[in-house]
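Asker: Here is a sequence together with a model predicted from it:
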Amino acid sequence: MIYLGNSYIYAKVEKLVKRFKTRDPFELLDCMNVVVGETSNYKKLKGYCFMSCQTIYVMISSFLSEEEQRIVAAHELG
C-alpha cells in the first residue's frame, strides 16, 4: 500500500482550487464529473465513494447537517 501524506493531498487540492476557482467541495466534485448523491441506507456511515462503469460516485448520508455534508464531501474529494 502506498501512503499519500497530507502535503500531497493539500497540493492536489490547491491545484484543483486554482484550476476551477472554487473551494466548495460540491462544486469541485461537479467540475470533476463526479456524481454526488444522498443516501439514507446507513445510519452510522457518513459517506463513501465508488466507481462503476468508469464513473465516480460520492454518496453522502442524508442524516447529516448541511455543514457535516460539506465536510464529508471534502473528505471524499481528498
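Answerer: Received it, and whenever you're ready, just let me know what you need. Numbers count the residues shown, from 1 in each chain.
Asker: where does the chain have low pLDDT?
Answerer: The chain contains residues with pLDDT under 70 at 1-5.
Asker: cutoff 80 now
Answerer: Within the chain, the segments meeting pLDDT under 80 span 1-6.
Asker: Do a quick rundown of the strands in it.
Answerer: 35-39, 47-52, 55-61 (DSSP state E).
Asker: For residue 19, which of those strands is the nearest?
Answerer: strand 55-61 (17.2 Å; CB to CB). Where C-beta positions appear, they are placed from N, C-alpha and C, glycine not excepted.
Asker: How far does the longest helix along the chain sit from its chain's centre?
Answerer: Counting by DSSP state H, the longest helix found in the chain is helix 6-20. From the chain centre to the centre of helix 6-20 is a distance of 13 Å (CA atoms, centre = their mean, to the nearest Å).
Asker: what's the distance between the closest residue to residue 37 other than its chain neighbours and residue 17?
Answerer: Leaving aside its chain neighbours, residue 37 sits nearest to residue 59 (5.3 Å; criterion: CB to CB, 6 or more residues apart in numbering). Separation of residue 59 from residue 17 (CB to CB, to the nearest Å): 23 Å.
Asker: Many thanks, have a good one.
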